[in-house]
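Q: Next one to model:
(4 chains)
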Amino acid sequence: MSNSLENLEQSFQDRIDRGEKIEPKDWMPDRYRKTHIRQISQHAHSEIVGMLPEGNWITRAPSLRRKVALLAKVQDEAGHGLYLYSATETLGITRDELTEQLLAGKAKYSSIFNYPTLSWADIGAIGWLVDGAAIINQVMLTRTSFGPYARAMVRICKEESFHQRQGFEIMLTLCRGTEAQKQMAQYALDRWWWPCLMMFGPPDAESTHTEQSMKWKIKLKTNDELRQQMVDQTVPQAELLGLTIPDPHLKWNESRGHYDFGEIDWDEFWRVVKGNGPCNKERLEARRKAWEEGAWVREAALAYAEKEAERTAVSAAV
Amino acid sequence: MSNSLENLEQSFQDRIDRGEKIEPKDWMPDRYRKTHIRQISQHAHSEIVGMLPEGNWITRAPSLRRKVALLAKVQDEAGHGLYLYSATETLGITRDELTEQLLAGKAKYSSIFNYPTLSWADIGAIGWLVDGAAIINQVMLTRTSFGPYARAMVRICKEESFHQRQGFEIMLTLCRGTEAQKQMAQYALDRWWWPCLMMFGPPDAESTHTEQSMKWKIKLKTNDELRQQMVDQTVPQAELLGLTIPDPHLKWNESRGHYDFGEIDWDEFWRVVKGNGPCNKERLEARRKAWEEGAWVREAALAYAEKEAERTAVSAAV
Amino acid sequence: MNDQQALYQYLLLLGDSPMILGHRLSELCGHGPSLETDIALTNISLDLFGQVRNYFQYAAKVQAEGKSEDDIAFLRLAHEHRNVLLTEQPNTDFAHVIGRQMFFDTFHQLLLEALRDSKDEQIAAIAHKSLKEVKYHTRFSSEWVKRLGDGTAESHRRMQDALDHLWPYAGELVQESPLEKQMKQQGIGADLEQIRPLYWERVNAILREATLEVPENSWFQAGGKKGIHTEHLGYILSDLQYMQRAYPNMSW
Amino acid sequence: MNDQQALYQYLLLLGDSPMILGHRLSELCGHGPSLETDIALTNISLDLFGQVRNYFQYAAKVQAEGKSEDDIAFLRLAHEHRNVLLTEQPNTDFAHVIGRQMFFDTFHQLLLEALRDSKDEQIAAIAHKSLKEVKYHTRFSSEWVKRLGDGTAESHRRMQDALDHLWPYAGELVQESPLEKQMKQQGIGADLEQIRPLYWERVNAILREATLEVPENSWFQAGGKKGIHTEHLGYILSDLQYMQRAYPNMSW
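A: Coordinates of the predicted model:
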């Protein structure tokens, strides 16, 4: 029995190693299933909670064009959430259960969304930096072993790239604008830079799960590698914008062929992860409010659907 | 018995005719009591509901000085309400009962507060015109027969006159300002003029209660006389401001020694009285919300006071 | 008002209601009762703002003062807005959102159907393009009215409350203003007299099917078309206009 | 930052918290749970705005750029505001209003007591005058905390909820910023290090007497003193500044 489980696990791993995709109906180790439920739903929650900081500027967007683009972007995030919840549901859990986990504080979402959006430039900075960081992760995940997740990533990456360009373009417009606009952009970068570098998770030395995740191709690069990639790709973009990255230690390292950068405040990272970021409570509270105040609507839709089904059955029987 | 009641009523009326004030502990006809409960509480409700349209501009007042003045004015109205509720309570009814009557739609308040405040100039117009009209009524009421009411009116009139000057001064500032400010003032006058003339009630021909009210000195002049007084006093003020009163029929009548003015839209008057003004529902809803959401606070204060009383009793007994 | 000024004002009237309603819907983005409804309402908001842009770009051209769609959208004072009062009503709960939408969509579809025949080719083209979107809106909101009206006891009560609250604002849509009359006579604007019976018929049919009571016909509130609004509009504008007011004359 | 600039910034820091708190209280005017509390909270708002005027009139003089108190109050961007985050917290219910007030008043009284000894005579005079008002505020809010904490089961629960929510914002008041340190060293500003223990002592005593639990010491949110606020401030400013933004350079 145990031997046969071992065999199963071995052939499962062989499939992954050969680059085959695991599909929902395939046999999979319990830990693989649980890890994927956790990770994909966490990703879905991040999309949904991530609607809030950006949603905060929809009513105050400075032009009709930007308002429409921002509405569409936040709507895309809802779409991504929907898509990812569906991918999670293939693993045998319902969206309602996942939502309950989020609201009970049992499931995580990306900590970056616990920071406030304090100016219009934050919308640009989020597109440019937060989406930029997300894409680095997601491009990697297009090659992950679980089929529905990998496919979701392909689709999501396309839209995220569009969002990222849009964010960069917002920044570019500000940086080519008036002094007040440029300052707004700089202040946004000042606030978002370090939290964005934290998005890749704790340093490799402290990172758990890495080995197993590598085997399942959830991770193809380490946190620090991805973070370095983020820094390397962003520095020239900031130069192009004429903005100053708020890190006095940032410097090109010829011998490494990478930028060196300063120490991340990991105390802040853990503080925010553990619930004491500037907006953790507000974000969860907003989601809880939407969920609770929407309960009667969802119940009504269900009741109506049942009535309709009955009516159809009756009229079919007649 | 009936004869003695008649005697009582006669001597009661004699006192009024002699210019004596009726005090709460004095004998008074039941109808006198009821009429005064109705009228004074209606006056109190008007102060309280009247806080809402002006309160609407406190957070958006255009200068610190104006903000402070408006806050103080609305606070004065709360004070007037408090004072008038107390006067009503001397007639044997509680403030809570009166509030319930208001919220149930059984008690009236001045219909003028069912119009919206749509610009900062409305704050000026309300002070100038609404308070102006109120003062005309209230000055008359300082000579009314019921002592607590007459005394309340003396005090309230003083503050109202201050408010009225303040309102006029807001208008004056606007009219001496930019074209946009002057237009704002004119639009406010356009909207408030006719409703203010309606504040004096239906035309004499249709007015009920007038005779009895005259006997009790609640009324010393008829609705139409007061309205004429309002028009006559306001026209020169509007001219001073350089504003146009929105009435093409307005014209000085040399022979009458008064201004003639156009037909009032009495349909509108009755519509608003009966609940279909632009803000009737909002006003009552706002009061209801404050009352209902404040219930637990009032209960807590009561419970705490009882505990405190017990504690004092216990410590006195020890 | 000369023809050009009247056309400009009419374009404001056509664009302002979608703008204010789109704004109200956009306040909800991320806060809906389910992801599906959140996406759908955001979609309607997007459609409406798209239409607004069409109207205001054209209005800017008609006005010929070198202004942009954003100047028109963000830099007018409250009394210069021509939207109906219905669109300003707040997002009290989902039933109010749906009720407000159903009244507006039902009218909007009839309006656009009529405007397809406008002598003004631009308006006809915008109407033609928008109609496809609005047919979807109408289906969405009327189906939700039914779902809530004929769902649970609570949803029925809430939907009825919402209707009772919104009813006084439902008539202004089909009350012809002098401007609309003028534009109708020029063959540019829609004929509200023709739309009115159809509008009430459809609204009544939806309510009937949703097992809801048609509120007693009280007085209809109006004023939006001539710039006299509810107290809500001022607050809407202080958010809507904040950036353009605080950072004047900049490109975004 | 030279001395004059530092003094100017310090005056903003002193004035901005009363201004934003006064604004929050002014939102409630006409909506209180009873006439008496309505009048009392409006009174506190009035006092605070009076103090704001004193600070900003002086700030305008110090700045010497010909600006008015209103320019300072209404024409700064969000990140130029120096108020603590506590003052931005919304009027969720009366318990939140009272809790927010109690934290602020307790600190405010200690601050003003210290500022009476400021080397800057203007500041000392303002502090002296304001202290009388603020002593009344402190009495009002701390008594209401007791009343709600030791009132009914519901009021106790609500008051505790409010405290739990507000607690993370209660520490910023007594966290010394570089500017405050500089002003302290110049003998102009208050010494927050001295105030801190007294503040916590008084807060704890009030909570104890009100039969409330002191929330577990979590991380204190901060940022307001350096212009990094909560998302609430933007909305506050869009109302607060609306008139000055929409009608620039006018007299009122």
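Q: Secondary structure element for the residue in chain C positioned nearest to chain D, which one?
A: Nearest to chain D in chain C, going by CB to the nearest CB, is C:Arg245, at a distance of 3.7 Å. All C-beta atoms are positioned from the backbone trio N, CA, C, and that covers glycine. Using DSSP states H and E, the element containing C:Arg245 is helix C:242-246.
Q: Report whether that helix contacts chain A.
A: Yes - Helix C:242-246 is in contact with chain A by CB under 8 Å from any CB of the partner chain, via C:242-244.
Q: which one of these is nearest B:Pro203?
A: Of all those, B:Pro203 sits closest to C:Tyr242, with 47.4 Å by CB to CB.
Q: For that closest one, give its distance to A:Leu226.
A: The gap separating C:Tyr242 from A:Leu226 is 37 Å, by CB to CB, to the nearest Å.
Q: higher neighbour count, those two?
A: The neighbour count for C:Tyr242 versus A:Leu226, taken as other CB atoms under 10 Å in any protein chain shown, is higher for C:Tyr242 (25 against 19).
Q: ok, and the closest non-adjacent residue to the more buried one?
A: D:Ser238 (4.2 Å; CB to CB, 6 or more residues apart in numbering or on different chains).
Q: How far off centre is the helix or strand containing that neighbour?
A: For D:Ser238, the element it lies in under DSSP H and E is helix D:232-240. Distance of helix D:232-240 from its chain centroid, counting by CA atoms, centre = their mean, to the nearest Å, is 16 Å.
Q: picking that back up, going by distance to B:Gly275, which of the residues of helix C:242-246 next to chain A wins?
A: Nearest to B:Gly275 among the residues of helix C:242-246 next to chain A is C:Tyr242, at 35.6 Å by CB to CB.
Q: which ones are touching the closest one?
A: Neighbour list for C:Tyr242: A:60, D:234, D:237-238, D:241, D:245 [criterion: CB atoms under 8 Å, 6 or more residues apart in numbering or on different chains].
Q: Show me what the helix holding D:Ser238 is packed up against.
A: In terms of contacts (3 or more CB pairs under 8 Å, 6 or more residues apart in numbering or on different chains; DSSP states H and E), helix D:232-240 is packed against helix C:232-240, helix C:242-246, helix D:3-27.
Q: could you redo the last one with a cut-off of 7 Å?
A: Where contact means 3 or more CB pairs under 7 Å, 6 or more residues apart in numbering or on different chains; DSSP states H and E, helix D:232-240 is packed against helix C:232-240, helix D:3-27.
Q: With mean neighbour count and mean pLDDT added, can I get the ones you listed in JSON lines?
A: Below are those laid out as JSON lines (neighbours: other CB atoms under 10 Å in any protein chain shown; pLDDT from 0 to 100):
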{"stretch": "helix C:232-240", "mean neighbour count": "21", "mean pLDDT": "98"}
{"stretch": "helix D:3-27", "mean neighbour count": "23", "mean pLDDT": "98"}
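Q: how about those in JSON lines, adding distance to C:Ala40?
A: Shown next, in JSON lines, are the helices and strands packed on helix D:232-240 (distance: least, CB to CB, whole Å):
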{"stretch": "helix C:232-240", "distance to C:Ala40": "22"}
{"stretch": "helix D:3-27", "distance to C:Ala40": "33"}
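Q: To B:Trp194, which of those lies closest?
A: Going by CB to CB, the one of the helices and strands packed on helix D:232-240 nearest B:Trp194 is helix C:232-240, 21.8 Å.
Q: Would you mind listing the residues in contact with the residue in the stretch 1-150 of chain A that chain D sits nearest to?
A: Closest to chain D within the stretch 1-150 of chain A is A:Pro116: 4.7 Å, counting by CB to the nearest CB. If a contact means CB atoms under 7 Å, 6 or more residues apart in numbering or on different chains, then A:Pro116 has A:53, A:278-279, D:230-231 as its contacts.
Q: Narrow the residues you listed to those that are buried.
A: Neighbour-count burial (16 or more other CB atoms under 10 Å in any protein chain shown) is assigned, among the contacts of A:Pro116, to A:53, A:278-279, D:230-231.
Q: Could you work out the most separated pair of those residues?
A: Maximum distance among those (CB to CB): 12.0 Å, for A:Pro53 and D:Thr230.
Q: Quick one: the strands in the chain, in order.
A: Here I'm looking at chain A. Counting by DSSP state E, one finds strands in chain A at the ranges A:251-253, A:258-260.
Q: Repeat that for chain C.
A: According to DSSP E, chain C contains no strands.
Q: re the thing from before, which residues touch the helix holding D:Ser238?
A: For helix D:232-240, using CB under 7 Å, 6+ apart, the contacting residues are A:118, B:59-60, C:238-239, C:242, D:20, D:23, D:74, D:78, D:81, D:88, D:90.
Q: May I see those organised as CSV, with distance to D:Gln221 added?
A: Shown next, in CSV, are these (distance: CB to CB, whole Å):
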residue, distance to D:Gln221
A:Leu118, 14
B:Thr59, 24
B:Arg60, 28
C:Ser238, 26
C:Asp239, 24
C:Tyr242, 24
D:Ile20, 15
D:His23, 19
D:Phe74, 26
D:Ala78, 16
D:His81, 16
D:Glu88, 11
D:Pro90, 15
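Q: so which pair among those is furthest apart in space?
A: Across the contacts of helix D:232-240, no pair lies farther apart than A:Leu118 and B:Arg60, at 21.9 Å, counting by CB to CB.
Q: on that earlier part again, mean neighbour count, the strands of chain A: which tops it?
A: Among the strands of chain A, strand A:258-260 has the highest mean neighbour count (mean count of other CB atoms under 10 Å in any protein chain shown), at a mean of 15.
Q: and it, what does it pack onto?
A: Counting contacts by 3+ CB pairs under 7 Å, 6+ apart, strand A:258-260 packs against helix A:223-241, strand A:251-253.
Q: closest point of chain C to chain B, which residue?
A: C:Trp219 (3.8 Å).
Q: any idea how far the closest residue to that residue other than its chain neighbours is from C:Thr230?
A: Residue nearest to C:Trp219 in three dimensions, not counting chain neighbours: B:Asn276, with 3.8 Å by CB to CB, 6+ apart. Distance of B:Asn276 to C:Thr230, given as CB to CB: 14 Å.
Q: for A:Gly55, same thing?
A: Separation of A:Gly55 from C:Thr230 (CB to CB): 25 Å.
Q: if we can go back for a sec, neighbour-wise, which of A:Leu118 and B:Arg60 wins?
A: Neighbours per residue (other CB under 10 Å) separate A:Leu118 from B:Arg60, with A:Leu118 holding more: 25 against 22.
Q: what's that one in contact with, if anything?
A: By CB under 7 Å, 6+ apart, the contact set of A:Leu118 is D:78-79, D:228-229, D:234.
Q: Identify each of the helices in chain C and give its residue range.
A: C:3-27, C:35-63, C:69-74, C:94-115, C:121-149, C:153-166, C:178-185, C:192-209, C:232-240, C:242-246 (DSSP state H).
Q: Next, please give the residue ranges for the helices of the stretch 101-250 of chain A.
A: A:120-125, A:131-141, A:147-175, A:179-198, A:210-215, A:223-241 (DSSP state H, counting those that start in this stretch).
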